[in-house]
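Chemist: Got a sequence here, can you build the structure:
(2 chains)
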Amino acid sequence: ETGVTQSPTHLIKTRGQQVTLRCSSQSGHNTVSWYQQALGQGPQFIFQYYREEENGRGNFPPRFSGLQFPNYSSELNVNALELDDSALYLCASSRTDGIQYFGAGTRLSVL
Amino acid sequence: GQQLNQSPQSMFIQEGEDVSMNCTSSSIFNTWLWYKQDPGEGPVLLIALYKAGELTSNGRLTAQFGITRKDSFLNISASIPSDVGIYFCAGQVQGAQKLVFGQGTRLTINP
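Modeler: So this is what the prediction gives:
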């Protein structure tokens, strides 16, 4: 186990709704990165949080947003859900510029 | 989004056989990583490579960082049933936050 925990495990939403996914980082890690993994694909970088601020962003629209808290845990928020947002959302924690260790992910289904 | 070219996409082998897979990119990376993902789980780090030409082993797994910095290889010797899963390569540019992943190689082992 990596020590990175994500909740919930599974989630079903309808188009247009909003969702919040949560991640607790491994002890000693101060950086959290979020990835979207569509079925049959490799993970795609959404953004990274360091010192409670966004520290790099991939090619995702502004309706994907996040937070990092003083204890280094993080949230991923997605507004106005679309069918194509259905995917496995992975959180990875690391030390600054260190190896990223992944949680088990949250499986989001948008109907 | 940007992805690495990973091959083969799938492999069907007999238990005990050796396995080779590779990953290529049009861009240079400073770090190459190999992860394994089992169903319902997040990627688990197998090997990290930091220098061009580096050859690193982890048990029956051996990976190499290509001299051009644009490719990497993973070999598995004497495969066993627990090697079944999807293997992902990932590249990282120094100072960049994101990992860029390949599409994965799905390994199936016939007993």
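
Chemist: For chain A, name the helix or strand with the lowest mean pLDDT.
Modeler: For chain A, counting by mean pLDDT, DSSP states H and E, strand A:53-57 ranks last in confidence among helices and strands (a mean of 92).

Chemist: Just checking: what are the partner strands of it?
Modeler: Strand A:53-57 sits in its sheet next to strand A:44-50 (antiparallel), going by DSSP bridges.

Chemist: How about the residues of chain A by chain B?
Modeler: Chain A has residues A:2, A:4, A:33, A:35, A:40-45, A:48, A:55-56, A:58-59, A:90, A:92, A:97, A:99-105 near chain B, with proximity defined as CB under 8 Å from any CB of the partner chain. Every C-beta, even on glycine, is put in place using the N, C-alpha and C of the backbone.

Chemist: Give the PyMOL command for selecting the buried subset of those residues.
Modeler: Only the buried members of those end up in this PyMOL selection, burial being decided by 16 or more other CB atoms under 10 Å in any protein chain shown:
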select buried, chain A and resi 2+4+33+35+41+42+43+44+45+48+55+58+90+92+100+101+102+103+104+105
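
Chemist: So the residue nearest to residue B:94 when sequence neighbours are not counted versus residue B:92, what's the distance?
Modeler: Distance criterion CB to CB, 6 or more residues apart in numbering or on different chains; nearest residue to residue B:94, sequence neighbours excluded, is residue B:30 at 4.0 Å. Applying CB to CB, to the nearest Å, the value for residue B:30 to residue B:92 is 7 Å.

Chemist: and these two? which has more neighbours close in?
Modeler: Using other CB atoms under 10 Å in any protein chain shown as the criterion, residue B:30 and residue B:92 rank with residue B:92 on top: 20 against 16.

Chemist: who are the neighbours in contact with that one?
Modeler: Contacts were defined as CB atoms under 8 Å, 6 or more residues apart in numbering or on different chains; by that measure residue B:92 touches B:29-33, B:98-100.

Chemist: which residues are there in chain B that come within reach of chain A?
Modeler: Residues of chain B lying near chain A (CB under 8 Å from any CB): B:1, B:3-4, B:6, B:33, B:35, B:40-45, B:48, B:88, B:90, B:95-104.

Chemist: Among these, which lie within strands?
Modeler: The members of the residues of chain B next to chain A that map onto strands under DSSP state E are B:6, B:33, B:35, B:44-45, B:48, B:88, B:90, B:100-101.

Chemist: Adding pLDDT, write those residues out as TSV.
Modeler: Below are these laid out as TSV (pLDDT from 0 to 100):
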residue	pLDDT
B:6	96
B:33	96
B:35	97
B:44	96
B:45	95
B:48	95
B:88	97
B:90	96
B:100	95
B:101	96
